[in-house]
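1. need coordinates for the below:
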Amino acid sequence: MSRSVPLVPAAVLLALALTACDGGVHGTPGGSGVHDPYFPRAGDGGYDVGHYDLRLAYDPAGHRLTGTTTLTARATKDLSAFDLDLEGLHVDDVTVEGRPARWNRAGQELTVRPHDDLADHETFRVTVRYSGTPRTLTDADGSHEGWLRTADGALALGEPVGSMTWFPGNHHPSDKATYDIAVTVPKGLQAVSNGELTGETSGRGGTTFRWHTAEPMAGYVATVAVGHYDISRYTIGEDRLPVYVAVDPTQAKASRKVLAKIPEIMQWEEDNFGPYPFSSTGAIVDRPQDAEYALETQTRPVFPGAPDTGTLVHELAHQWYGDSVTPKTWRDMWLNEGFATYAEWLWDEDHGGDSAQKTFDELYAHGEDDYPDIWAFPPGRPSGAGHISDDPVYARGAMVLHKIRQTVGDDTFYDIIQGWAAARRHGNADTADFTAYVERTAPDKDFGPIWKTWLYGEGKPDRP
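-> Reported below is the predicted structural model:
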């Protein structure tokens with residue numbers, strides 16, 4: 001349903017958006033979408049967000065969310081209007097630089113027309129006040145994301161576009177920002193999010209939890225978990241990295257043994273992938289019925305019930321590959337999932353399990369038994385939005401990395417994966433960036449057959 005400011009029809013708004021304002025800036029609309037190959041309406045390339053300030057209040061009894069989101073952004077061209085992604089929820093008002101702005105709704109697009117046009121490179125603040133019942137989205141692959149109701153609260157999961165159900169923003173992974181997230185919930189409940197807890201205050205309106213994320217974060221790995229949790233806080237390593245773990249009490253016993261491995265896993269991953277890229281770590285464990293999958297939400301992965309060791313290794317590895325080094329487009333998902341899956345192989349190899357070579361050989365010989373669609377499409381070119389989380393992206397993506405390791409040997413392979421995490425730390429990258437980095441790191445090797453056969457080749461390769 002489309003909503004607009006009263007007395008400003010959408011046609012008039014569009015005409016205004018194409019007309020320059022006072023001040024001499026002749027801007028054009030930023031446009032809906034950054035032309036992602038699978039989610040073309042996500043994001044807006046006309047500006048870059050530097051910081052989000054979210055002030056939320058959620059009442060689980062009435063399933064009602066009220067929010068004020070302020071974005072601090074920089075225009076990347078002269079702008080007469082720009083789009084924010086927001087699915088559902090009622091917009092109460094929008095201001096730009098403290099002045100009321102015209103706006104209208106069309107699907108997930110909240111189009112904002114500031115009072116004065118914005119100049120290229122101009123920094124500006126947008127504040128949106130909104131409220132309503134946040135939605136749960138059903139993805140093309142049948143999974144659910146967005147705002148998920150739980151037995152005692154809610155859980156927000158955003159891959160690939162679900163974050164737009166609970167706050168307006170430039171919701172494409174190519175635009176990362178820092179975050180402050182304050183969540184007010186009824187007394188007795190807790191609100192857990194990304195980064196570090198900087199404050200907790202109670203009043204007549206409930207308890208407010210304030211979280212700060214200092215490192216850039218893509219919107220899809222932002223999270224809020226509301227409910228009853230057993231909280232563990234401690235530090236690990238020589239740098240005393242803060243750990244914050246929140247576990248639903250029904251999952252505490254089943255989770256205790258595996259969550260106790262966080263210090264060991266973090267140390268092992270630093271040894272293999274390089275310095276940890278964030279200022280805290282941890283986990284959120286909800287009930288199995290609250291979500292259908294684990295997700296690498298930044299600094300604090302979410303698990304539906306007690307995870308096994310492999311899943312914990314996988315989601316923590318994403319902090320390097322996916323959360324710190326984030327894909328430029330959703331076509332590049334194998335740079336997330338192939339790396340995290342290969343981390344599981346390496347963990348097994350180092351902890352008395354199968355070698356990575358044996359895992360590779362078994363997948364090649366019998367992969368269809370556990371991954372029926374493993375050869376359905378190449379990992380570097382998923383066949384559509386509904387397939388970016390399918391078997392080839394995970395398992396065959398890991399096989400690409402193993403082929404690189406076979407080609408260059410262990411010493412150079414670890415130079416590659418550690419160097420890649422360091423070179424693209426807190427940034428974005430695509431598959432072409434990665435293949436070029438590999439070729440620069442090992443210029444004496446021919447990677448053409450790997451890219452042609454394993455990364456982009458259709459069907460099962462003739463031989464491993």
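2. tell me which helix or strand E368 sits in.
-> Element membership for E368, per DSSP states H and E: helix 356-370.
3. and if you look at P37?
-> Applying DSSP H and E, one finds P37 in no helix or strand.
4. per-residue confidence for it?
-> With respect to pLDDT, P37 scores 95.
5. buried set for the lengthiest helix in the chain?
-> When the chain is parsed with DSSP state H, its longest helix is helix 334-350. Neighbour counts over helix 334-350 (16 or more other C-beta atoms under 10 Å) mark 334-348 as buried. The way it works is simple: take the backbone N, C-alpha and C, and place the C-beta from them, glycine included.
6. burial measure for T66, as a count.
-> Counted with other C-beta atoms under 10 Å, the neighbours of T66 add up to 17.
7. wasn't it part of a strand?
-> Yes: counting by DSSP: H, G, I helix; E, B strand; the rest coil, T66 falls inside a strand.
8. and the residue lying closest to it once chain neighbours are set aside, what element?
-> Closest residue to T66 apart from its sequence neighbours, by C-beta to C-beta, 6 or more residues apart in numbering: S131 at 4.3 Å. Per DSSP H and E: S131 is located in strand 123-132.
9. which neighbouring elements make contact with that strand?
-> Strand 123-132 sits against strand 64-75, strand 90-96, with contacts defined as 3 or more C-beta pairs under 8 Å, 6 or more residues apart in numbering; DSSP states H and E.
10. what's the burial count for A291?
-> Counted with other C-beta under 10 Å, A291 comes out at 22.
11. per-residue pLDDT, it?
-> For A291, pLDDT reads 95.
12. from W147, how far off is it?
-> 12 Å (C-beta to C-beta, to the nearest Å).
13. distance of the nearest residue to T309 once chain neighbours are set aside relative to E344?
-> Leaving aside its chain neighbours, T309 sits nearest to V258 (5.7 Å; criterion: C-beta to C-beta, 6+ apart). Between V258 and E344 the distance, using C-beta to C-beta, works out to 14 Å.
14. cool, I231 as well?
-> In terms of C-beta to C-beta, I231 sits 28 Å off from E344.
15. with G195 instead?
-> Going from G195 to E344 by C-beta to C-beta gives 26 Å.
16. go on, K452?
-> Relative to E344, and taking C-beta to C-beta, K452 is found at 26 Å.
17. for the helix or strand where T207 lies, packing partners?
-> Take DSSP H and E as the rule and T207 turns out to sit in strand 206-217. Contact partners of strand 206-217 among helices and strands, from 3+ C-beta pairs under 8 Å, 6+ apart: strand 177-185, strand 190-193, strand 196-203.
18. now with 6 Å?
-> strand 177-185, strand 196-203 (3 or more C-beta pairs under 6 Å, 6 or more residues apart in numbering; DSSP states H and E).
19. any stretches of the stretch 1-150 of the chain with poor pLDDT?
-> For the stretch 1-150 of the chain, the stretches with pLDDT under 70 are 1-26.
20. all the helices of it, in order from the start?
-> 10-17 (DSSP state H, counting those that start in this stretch).
21. tally of neighbours for A432?
-> 12.
22. what average pLDDT does the helix or strand harbouring it get?
-> A432 is part of helix 431-441 when elements are defined by DSSP H and E. Mean per-residue pLDDT for helix 431-441: 98.
23. in terms of secondary structure, what does it contact?
-> Secondary elements touching helix 431-441 (3+ C-beta pairs under 6 Å, 6+ apart): helix 410-423.
24. where does the residue nearest to F360 when sequence neighbours are not counted land in three-state SS?
-> Residue nearest to F360 in three dimensions, not counting chain neighbours: H402, with 4.8 Å by C-beta to C-beta, 6+ apart. Put simply, H402 is helix when judged by three-state DSSP.
25. swap in H314?
-> helix.
26. returning to what we had before: Y52: which of the helices and strands packed on strand 123-132 is closest?
-> Ranking the helices and strands packed on strand 123-132 by distance to Y52, with C-beta to C-beta as the measure, places strand 64-75 first at 5.8 Å.
27. mind listing what the closest one pairs with, with the direction of each?
-> strand 47-59 (antiparallel), strand 123-132 (antiparallel) (DSSP bridges).
28. which of the residues in the shortest one are classified as buried?
-> Buried residues in strand 123-132, counting neighbours by 16+ other C-beta under 10 Å, are found at F124, V126, T127, V128, R129, Y130.
29. distance from that strand to the middle of the chain?
-> Chain-centre distance of strand 123-132: 21 Å, with C-alpha atoms, centre = their mean, to the nearest Å.
30. touching it from outside, list them.
-> 66-72, 74, 89-97, 118, 168 (C-beta atoms under 6 Å, 6 or more residues apart in numbering).
31. quick one: residues contacting L401.
-> So L401 contacts G338, Y342 (C-beta under 6 Å, 6+ apart).
32. same check, this time on D152
-> G227, H228.
33. how close does the residue nearest to G305 when sequence neighbours are not counted get to K261?
-> Closest residue to G305 apart from its sequence neighbours, by C-beta to C-beta, 6+ apart: P288 at 3.7 Å. Noted for P288: a distance of 20 Å to K261, by C-beta to C-beta.
34. likewise for A340?
-> According to C-beta to C-beta, A340 and K261 sit 16 Å apart.
35. same question for L241.
-> Counting by C-beta to C-beta, the gap between L241 and K261 amounts to 15 Å.
36. so those two - more neighbours on which side?
-> Shown here are L241 and K261; by other C-beta under 10 Å, L241 has more neighbours (18 against 15).
37. follow-up on the earlier one: pick the one among the buried residues of helix 334-350 closest to T208.
-> Using C-beta to C-beta, N336 comes nearest to T208 of the buried residues of helix 334-350, at 32.7 Å.
38. surely W330 and Y38 touch.
-> Yes: using C-beta atoms under 6 Å, W330 is in contact with Y38, at 4.6 Å.
39. neighbour count for those two, which is higher?
-> Per other C-beta under 10 Å, whichever of W330 and Y38 has more neighbours is W330, with 23 against 18.
40. what about V258, how many residues close to it?
-> Using other C-beta under 10 Å, V258 has 19 neighbouring residues.
41. can you check R204 too?
-> Neighbours around R204, by other C-beta under 10 Å: 5.
42. do the same with G88
-> So G88, with other C-beta under 10 Å, has 20 neighbours.
43. so who does it touch?
-> By C-beta under 6 Å, 6+ apart, the contact list for G88 reads R135.
44. for S280, find the nearest of the strands paired with strand 64-75.
-> Taking the strands paired with strand 64-75 one by one with C-beta to C-beta, strand 47-59 is closest: 18.0 Å.
45. buried ones in that closest one, by neighbour count?
-> Buried residues in strand 47-59, counting neighbours by 16+ other C-beta under 10 Å, are found at Y47, D48, V49, Y52, D53, L54, R55, L56, A57, Y58.
46. next one: stretch 141-159
-> Quick answer for stretch 141-159 (16+ other C-beta under 10 Å): 143, 145-148, 150, 152-159.
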